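Below are the sequence and a predicted model for it; my questions follow.
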Amino acid sequence: MNDSGRAIDLRDIHKTYENGPLKVPVLHGITFTIERGEYVAVMGPSGSGKSTLMNLIGCLDRPTSGTYILDGVDVSKLDDNALALLRLRKLGFVFQGFNLLARTDALNNVALPLFYAGIPVKRRLKLAQQALENVGIGDRGHHQPSQLSGGQQQRVAIARALINDPAVLLADEPTGNLDSRTSDDIMALFSRLHESGRTIVMVTHDENVAKNAHRVIRLLDGLVVADMVTEPAGHLL
């Protein structure tokens with residue numbers, strides 16, 4: 001089987017949390033693939049397992065059993081150091097709360113992953129400036145998060161997520177702290193990123209946000225109960 005086009009390949013993923021003698025199963029055999037270039041929304045009610053699944057896809061946690069292949073790499077065979085390096089190189093994260101360093105300006109917030117990757121300072125600041133320009137706030141590089149609107153902070157976070165040219169962009173409720181107009185602007189940015197070839201996986205509870213994706217995977221009680229290709233909002237034939 002040729003897996004060369006797959007960004008994510010999950011095979012019979014189970015996750016059980018243990019607290020002493022107590023075992024809490026959360027995921028019960030999740031299997032799906034996401035091709036490179038897809039734009040997928042993962043949905044489900046509270047307790048459905050979507051956050052646990054996102055942590056596994058993001059290599060922030062490990063499955064109890066099953067196989068996870070990220071951009072051709074079998075994650076289950078990596079030690080912690082190799083896993084951290086894979087996360088740095090292959091994944092970009094966008095969070096609901098932005099997760100920016102409060103006392104660091106936008107430019108250096110964006111450049112931070114390149115610091116961990118060992119890129120020289122002059123090069124990483126140049127790349128960070130380009131990333132800010134790519135998300136429409138190239139003139140805000142020397143502003144701290146407190147000097148930026150919520151939408152601008154999320155654009156900084158998106159620029160930071162893209163700085164290492166990741167194989168997959170993971171977004172966890174990326175519009176959860178934004179008003180409706182700003183949310184629309186951010187979703188338009190995600191659509192442009194997808195059109196440029198980005199693979200995007202987005203966890204959301206918001207049906208209006210999910211409409212921007214081209215595929216929706218729905219979870220319930222730790223199982224995939226629906227996996228549908230959709231017609232994204234605003235898509236022109």
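Yep, it's here.

Do you have the strands of the protein handy? List them.
Using DSSP state E, the strands of the chain run over 6-19, 22-35, 39-43, 65-70, 73-74, 91-95, 168-172, 200-203, 215-220, 223-229.

can you list those in CSV and add distance to residue 106 and mean pLDDT?
For every residue, glycine as well, the C-beta is placed using N, CA and C. Listed next are the strands of the chain as CSV, based on distance: least, Cβ to Cβ, whole Å; pLDDT from 0 to 100:
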stretch, distance to residue 106, mean pLDDT
strand 6-19, 28, 96
strand 22-35, 30, 96
strand 39-43, 26, 97
strand 65-70, 29, 96
strand 73-74, 31, 94
strand 91-95, 15, 94
strand 168-172, 19, 96
strand 200-203, 22, 96
strand 215-220, 32, 97
strand 223-229, 36, 96
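
Which one, of these, ends up nearest to residue 154?
Nearest of the strands of the chain to residue 154, taken as Cβ to Cβ: strand 91-95 at 7.3 Å.

pull the longest helix from this structure.
Longest helix of the chain, by residue count under DSSP state H: helix 180-195.

gap between that helix and the chain center?
For helix 180-195, the separation from the chain centroid amounts to 14 Å (computed by Cα atoms, centre = their mean, to the nearest Å).

average model confidence for it?
Taken as a whole, helix 180-195 has an average pLDDT of 93.

Which secondary structure elements does it sit against?
strand 39-43, helix 150-162, strand 200-203 (3 or more Cβ pairs under 8 Å, 6 or more residues apart in numbering; DSSP states H and E).

report the angle between the axes of the second one and strand 168-172?
Angle between the axes of helix 150-162 and strand 168-172 is 150 degrees (criterion: axes from the mean of the first three to the mean of the last three Cα atoms, to 10 degrees).

So which elements touch helix 150-162?
If contacts are counted by 3+ Cβ pairs under 8 Å, 6+ apart, helix 150-162 sits against strand 91-95, helix 106-116, helix 121-134, strand 168-172, helix 180-195.

try 7 Å this time
Secondary-structure packing of helix 150-162 (3 or more Cβ pairs under 7 Å, 6 or more residues apart in numbering; DSSP states H and E): strand 91-95, helix 106-116, helix 121-134, helix 180-195.

Kindly reformat the ones you listed as JSON lines containing mean neighbour count and distance to residue 140.
Below are the helices and strands packed on helix 150-162 laid out as JSON lines (neighbours: other Cβ atoms under 10 Å; distance: least, Cβ to Cβ, whole Å):
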{"stretch": "strand 91-95", "mean neighbour count": "21", "distance to residue 140": "17"}
{"stretch": "helix 106-116", "mean neighbour count": "21", "distance to residue 140": "5"}
{"stretch": "helix 121-134", "mean neighbour count": "17", "distance to residue 140": "7"}
{"stretch": "helix 180-195", "mean neighbour count": "17", "distance to residue 140": "15"}
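
any idea how far the residue nearest the centre of the chain is from residue 56?
Using Cα atoms, centre = their mean, the residue of the chain that lies closest to the mean C-alpha position is residue 170, 0.7 Å off. Applying Cβ to Cβ, to the nearest Å, the value for residue 170 to residue 56 is 11 Å.

Next, the contact list for residue 58, please.
91, 93, 170 (Cβ atoms under 7 Å, 6 or more residues apart in numbering).

and if we set it to 8 Å?
By Cβ atoms under 8 Å, 6 or more residues apart in numbering, the contact list for residue 58 reads 87, 91, 93, 170.

what's the answer for residue 167, then?
Taking Cβ under 8 Å, 6+ apart as the criterion, residue 167 is in contact with 7, 36, 70, 71, 90, 91, 199.

Excluding chain neighbours, give the residue nearest to residue 13 in space.
residue 66 (3.8 Å; Cβ to Cβ, 6 or more residues apart in numbering).
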